[in-house]
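# I'd like to go over a predicted model; first the sequence, then the structure.
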Amino acid sequence: MALSIEDIKKIAHLARIEVSEGEAAATLTKLTGILGLIEQMQAVNTEGIVPMSHSQDVVQRLREDVVTKTNQREAFQKIAPALGNGSTERAVDCGLYLVPKVIE
Amino acid sequence: MEWEVVIGLETHAQLQTKTKIFSGASTAFGSEPNTQACEVSIALPGVLPVLNKEAVNCAIKFGLAVNAEITPRSVFARKNYFYPDLPKGYQISQYELPVVGKGAVTIQVPAVGKNAAYEKVVNITRAHLEEDAGKSVHGAVEGMSGIDLNRAGTPLLEIVTEPDMRSAAEAVAYAKKLHELVQWIGICDGNMQEGSFRCDVNVSVRPKGTEKLGTRREIKNLNSFKFMQQAIEFETRWQIETLEDGGKIQQATVLFNPDTGETRAMRSKEEANDYRYFPDPDLLPLEITEADKARVRALMPELPEAMKARFESEYGLTSYDAATLTASRDVANYFVDAVNAGADAKPAANWVMGAISAKLNVEEKSITESPLNAAQLASLLKRIADNTISNNAAKQVFEAMWAGEGEVDTIIEAKGLKQVSDTGAIEAIIDEVLAANAAMVEEFKAGKEKAFNALVGQAMKASKGKANPAQVNEMLKKKLGA
Amino acid sequence: MINSSLKTLSQMLAKKEVSSVELTQAFLNRINTFNPEINAYIALDQDRTLAQAKAADVRITAGNAEPLTGIPIAQKDIFCANGWKTTCGSKMLANFVAPYDAQVITKFDAAGAVNLGKTNMDEFAMGSSNETSYFGGVKNPWDFTRVPGGSSGGSAAAVAARLCAAASGTDTGGSIRQPASLCGLTGLKPTYGVVSRYGMIAFASSLDQAGPMAKSAEDCALMMNVMAGFDERDSTSLNREKEDYARDLNKPLQGLRVGLPKEFFAEGLDANVGKVIEAAIAEYKKLGAEIVEISLPNTGLSIPVYYVLAPAEASSNLSRYDGVRYGHRAAEYTDLMDMYCKSRAEGFGAEVKRRILIGTYVLSAGYYDAYYLKAQQIRRLIAQDFEEAFKHCDVIMGPAAPSTAFKAGEKVDDPVAMYLQDIYTISTNLAGLPGMSVPAGFSTGDDGKALPVGLQIIGNYFDEARMLNVAHQYQQVTDWHTRMPDLPTPQGTK
């Protein structure tokens, strides 16, 4: 399954990572090398083998439905990033996190 | 060409838990922004999810209520996409192995125009647990959106149907039935304004008689039954017109605008999504045993279907009446309370479905807000049963009780509505009426049956409505030698 | 003092031969001297550190000290520590001051240990040389031109250079054991689920596991006694009875069955490293161990499987760094999409981006079955190899890394060559088994520098106490673990 520049751009977009044309070409070379390594898997017959997601065969533990968390908005919003585009203010206002307008 | 609309629903029911699905943060509605957004809710680096037991109980309840298969080991998966109200960049949901498998609900589709009411089974494909996203708030700051993560992580049960519905009426009947059911079993408060119960409706059309499904468009986030009806009707017309004009339907997510009554495609969802689902490594398989199911079943109220059957056998109600009363748990409870307070079942059913329901409708109240409680209704019905008042008088008493003028006997007394059952008094009235209406008596004797009813009416009028109509009837017949 | 075992330090503190403040200050002085060159620490907060030392002294005086009370420990910068800058080696979190404590930090605090500072690491633990850190590489104390290994390179260098008494590390594919091997120290990656992951910044959730990096097996046992334990906030934390990891240290090894997987001694292993490992095995024979030849046939597949599963999980784990609530946000952006793409392009380094892209690719529509599902299936085959092997032996031994420390810059542009560093360590993460690296001697390279070699010991699930016993007995008859590098005196100091 050979990767193309288009694939790189597509997955970079899915991953929300900006890549320039130059970066895309360099990335293509590196990822092609890594995929080459990964391709070794295809030689293995895995028919009927149950996929392994966890190393221990245990089931989910359940939490009692009891409120344990208190309001920590101030502490958490103290570490909000700077708004950007010329503003060094934190990207919060009226207790809300601020982002560029969301269009639905 | 004749077209057929095919509809399937995906409903998000917010589960009535105290805390979020994967953290101990409160789910209470309406708090200051981000004051219920704990470190897990805002996805700080390093935080981990732990599943809320009550959310699982809710899912089991639902599964039992729709006779569904409950998956012995279901799996949580990550649905990956970027959105500011989705703090982790993925939503924890279930994908390949949902907690609830195939089930079904029976709906009553009401009569429309000359089409009679009918029953229909809607198949449930699956129901899965997942977390809700936060909210984007617009307008707080110029040119920006504000993100409130109080809702992020609230437990949802997403209930998916097969594309079984064939009209807006069926879709709405299903949605209403589901809305009632989730409240009935106590897993969702059903508050549509607050978004506790939201429906996405998949609509496609195809030439009638064909099998192949048309391309569907999904109407997102409908939060009222009225809008659902309007949106489906508009969408159906739009799709048919588009196809008849030679156009093609593109798969899309659309929003309904209540102001224009139209649907339009969402801009942000234009690009094809690739959610890259995979099992969440932070969570282990959710095991539900037979014992778990039995424990939850024991906590559940009698389900509407069982209650309907019981109303038929125990109270002798018709299937239709039993279904109508059990369409809502509150209505059913009201009815049962009235019967337990001494009312006869059949009249109680008639009054609940008739006069009371009509009043509530006019006043836009739910039965729990009824000014006349079940015990009061029973006291009224007892006075009809023991012939203290006539059915006609009962209507006046009911109005007065509804208006809060007092208890039944007080009102009967005050309004002088007590029925006259004294034979002598009735005989006197009838004699008077016969004497004053000799012409009518002649007509009756000449074979005009109608004249008899007129004489009854005169007698009732003369008694100011207080005479026992059955007695009047009987005595009049005797006097006229009929 | 700086070379003493944790047990000795604990006794000295108890006897008031030294106070925690004095001990802590001694390490801080060494840090001030050597860290500018070695770059093992990326966050220091002397006031906070000394306040903890003072509190420890009060506790010791009050007579309710625990074994690690007052002992200065370095914490890998992957653990959130309330009030500490916690960067995970990334520009993305360069200004992130954690507002809560990881469970590991909570446990060290409860034990009265002193947090000396946060150690450098490969960005988001992705790397085997510490060269992907946004805060620059770490120098191997044995040879400043070489890497300390990674991703826990800062912790490894800090222990090796005696800039702390012991350190925490994390291991997703070898990130404790490979740097322990390259820096000549003892490091243990416990069974998955033994140490809580709560507050430990996730790389690959199903593989990540924290553990101790210290001078000896005995020190690791004392560290484990603090770090291990059930945590209800981590769904993958195993609810097991508390155990004393030092309980079996002194058991004799007579009759111990040591499995040697032939795949660990095949092509790819540096010949000199191989000789050191063979000598260590010979030492075990003298201690009464019995050698069993075993096979782990799918060892070679562990790297491809790992480089599907770990990036896949990472691509999702790292989606939360979006510039909205914390972390780096681009200074200039046009709209929401632009803000996301720029913030993440600027905030992540090249290796992290590569792994996010690989992970995104293998999970994307049409490729999931061929990559992710296939890798999970082979993961089971790898775990089954170990299950079979442990029917024939008690522990498995082999090299921890294929070579000694390599030169800085040597592999940084060749991800595939870098990934092969983890050939002997990755399979235990995939299986969830415990593994450790123990100093086993030195190998002299072409330039005449003697560099440490680590012997890897792999145990069955929950066999940490036995592994520590196996390592400890070896350390009773060898002194490799006591060797420390001669640090060149930095310029400008006497």
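Nice, thanks for sending it over. It should be emphasised that the depicted structure is a prediction, and the values quoted were computed from it without experimental measurement. Residues are numbered from 1 along each chain as shown, chains lettered A, B, ... in the order given.
# For chain A, just list every one of the helices.
A:5-14, A:21-38, A:73-77 (DSSP state H).
# Quick check: residues of the stretch 51-200 of chain C near chain A?
Residues of the stretch 51-200 of chain C found near chain A, taking CB under 8 Å from any CB of the partner chain as the criterion, are C:95-97, C:99, C:192-193. (Glycine included, C-beta is placed from N, CA and C.)
# at 10 Å what do you get?
Residues of the stretch 51-200 of chain C that fall close to chain A, judged by CB under 10 Å from any CB of the partner chain: C:82, C:93, C:95-100, C:191-193.
# Report the buried members of those residues.
Taking 16 or more other CB atoms under 10 Å in any protein chain shown as the criterion, what is buried in those is C:82, C:93, C:96-100, C:191-193.
# of all of the stretch 301-450 of chain B, which residue lies closest to chain A?
Of all residues in the stretch 301-450 of chain B, B:Pro301 sits closest to chain A, with a separation of 19.3 Å (CB to the nearest CB).
# number of nearby residues for that residue?
Using other CB atoms under 10 Å in any protein chain shown as the criterion, B:Pro301 is surrounded by 15 other residues.
# Regarding it, what is its secondary structure?
The three-state label given to B:Pro301 by DSSP: H, G, I helix; E, B strand; the rest coil is coil.
# hang on, it packs against B:Val336?
No - contact between B:Pro301 and B:Val336 fails when scored by CB atoms under 10 Å: they sit 11.7 Å apart.
# For the helix or strand containing C:Thr24, name the packing helices and strands.
Secondary structure here is read from DSSP states H and E; on that basis C:Thr24 sits in helix C:20-38. Judged by 3 or more CB pairs under 10 Å, 6 or more residues apart in numbering or on different chains; DSSP states H and E, the packing partners of helix C:20-38 are helix C:6-14, strand C:41-43, helix C:46-62, strand C:72-76, strand C:114-119, helix C:153-160.
# what sits against B:Ala37?
Residues touching B:Ala37, when contacts are defined by CB atoms under 10 Å, 6 or more residues apart in numbering or on different chains, comprise A:69, A:71-73, A:76-77, A:95, A:97, B:20, B:23, B:25, B:31, B:43, B:87, B:134, B:147-153, C:325.
# What residue, apart from its backbone neighbours, is nearest whichever residue of the stretch 1-150 of chain C sits closest to chain A spatially?
For the stretch 1-150 of chain C, the residue closest to chain A is C:Pro99, as judged by CB to the nearest CB, at 4.7 Å. Of all residues not flanking C:Pro99 in the chain, A:Ala75 sits nearest, at 4.7 Å (CB to CB, 6 or more residues apart in numbering or on different chains).
# B:Pro84 and chain A: what is the separation?
5 Å (CB to the nearest CB, to the nearest Å).
# quick one: that residue and C:Asp101, what's the gap?
27 Å (CB to CB, to the nearest Å).
# Would you point out the helix or strand in chain C whose mean pLDDT is lowest?
The helix or strand with the lowest mean pLDDT-type score in chain C, counting by mean pLDDT, DSSP states H and E, is helix C:415-419 (a mean of 89).
# Next secondary structure after that helix?
Elements were assigned by DSSP H and E; along the chain past helix C:415-419, the next helix or strand is helix C:426-431.
# Now do the domain split for chain B, please.
Following automatic domain parsing, one gets these domains for chain B: B:3-291, B:302-415, B:423-480.
# could you show me where the strands are in the stretch 201-350 of chain C, in order?
Secondary structure of the stretch 201-350 of chain C (DSSP state E, counting those that start in this stretch): strands located at C:209-214, C:257-261, C:290-294.
# Name the stretch from those that approaches chain B most closely.
With CB to the nearest CB as the measure, strand C:209-214 is the member of the strands of the stretch 201-350 of chain C nearest chain B (11.2 Å).
# Centre of the chain to the closest one, how far?
Using CA atoms, centre = their mean, to the nearest Å, the mean C-alpha position of strand C:209-214 is found 5 Å from that of the whole chain.
# what pLDDT, on average, does that strand get?
For strand C:209-214, the per-residue pLDDT values average out at 98.
# Then stretch B:235-242?
pLDDT averaged over stretch B:235-242 equals 96, rounded to a whole number.
# ditto for stretch B:337-348
The average pLDDT within stretch B:337-348 is 95.
# ditto for stretch B:440-460
When the per-residue pLDDT values of stretch B:440-460 are averaged, the result is 86.
# Off-centre distance for that stretch?
Between the centre of stretch B:440-460 and the centre of its chain there are 48 Å (CA atoms, centre = their mean).
# What lies in contact with that stretch?
By CB under 10 Å, 6+ apart, the surrounding residues in contact with stretch B:440-460 are B:390, B:392, B:426, B:429-437, B:439, B:466-469, B:471-473, B:475-477, B:479-482.
# change it to 6 Å
Outside stretch B:440-460, the residues that touch it by CB atoms under 6 Å, 6 or more residues apart in numbering or on different chains are B:429-430, B:433-434, B:467, B:472, B:476.
# before we move on, back to that, touching chain A at all, the least confident helix or strand of chain C?
Yes - if you take CB under 6 Å from any CB of the partner chain as the test, helix C:415-419 does meet chain A, through C:415-416.
# Give me the local confidence score for the residue nearest to C:Pro99.
pLDDT for A:Ala75: 97.
# any idea how far C:Gly83 is from it?
Relative to C:Gly83, A:Ala75 is positioned 10 Å away (CB to CB).
# need the residues of chain B near chain A, please.
Taking CB under 6 Å from any CB, the part of chain B that reaches chain A is made up of B:17-19, B:24-26, B:32-35, B:38, B:42, B:50-54, B:82, B:84, B:136-137, B:140-141, B:144-148, B:266-268, B:274, B:279, B:283-287.
# State the distance from the spatially most central residue of chain A to chain C.
If you average the C-alpha coordinates of chain A and look for the closest C-alpha using CA atoms, centre = their mean, you land on A:Ala15, 6.2 Å from that point. Summarising the geometry, the distance separating A:Ala15 from chain C, computed by CB to the nearest CB, is 5 Å.
# How about B:Cys199?
27 Å.
# can you pull the contacts of that residue?
With CB under 6 Å, 6+ apart as the criterion, the residues that contact B:Cys199 are B:9, B:11, B:175, B:222.
# Looking at these, which are in helices?
Mapping the contacts of B:Cys199 onto helices (DSSP H) picks out B:Ala175.
# when you check chain C, which of the contacts of B:Cys199 turn up near it?
With CB under 6 Å from any CB as the criterion, the subset of those in contact with chain C is empty.
# Out of the contacts of B:Cys199, flag the one nearest to chain A.
B:Leu222 (14.7 Å).
# is it true that that closest one touches B:Ile232?
No - B:Leu222 is not in contact with B:Ile232 according to CB atoms under 6 Å; the separation is 8.8 Å.
# okay, now B:Gly103: neighbour count?
The burial count assigned to B:Gly103 is 22, neighbours taken as other CB under 10 Å.
# hey, which of the helices and strands packed on helix C:20-38 is tucked in deepest?
Using mean count of other CB atoms under 10 Å in any protein chain shown, the stretch among the helices and strands packed on helix C:20-38 with the largest mean neighbour count is helix C:153-160, at a mean of 36.
# Show me what that helix is in contact with.
Here helix C:153-160 makes contact (CB under 6 Å, 6+ apart) with C:38, C:40, C:74, C:76, C:119-121, C:130, C:138, C:141, C:148, C:164, C:167, C:169, C:179-180, C:183-185, C:213.
# The residue nearest to C:Pro99 against C:Tyr100, yeah?
No - if you go by CB under 6 Å, A:Ala75 and C:Tyr100 don't touch, sitting 8.6 Å apart.
# how much space is there between the closest residue to chain C within the stretch 1-150 of chain B and B:Tyr83?
Here the stretch 1-150 of chain B gets closest to chain C at one residue, B:Gly89, 2.3 Å apart by CB to the nearest CB. Counting by CB to CB, the gap between B:Gly89 and B:Tyr83 amounts to 8 Å.
# Quick one: low-confidence residue ranges for chain A.
Counting by pLDDT under 70, the ranges of chain A that qualify are A:1, A:104.
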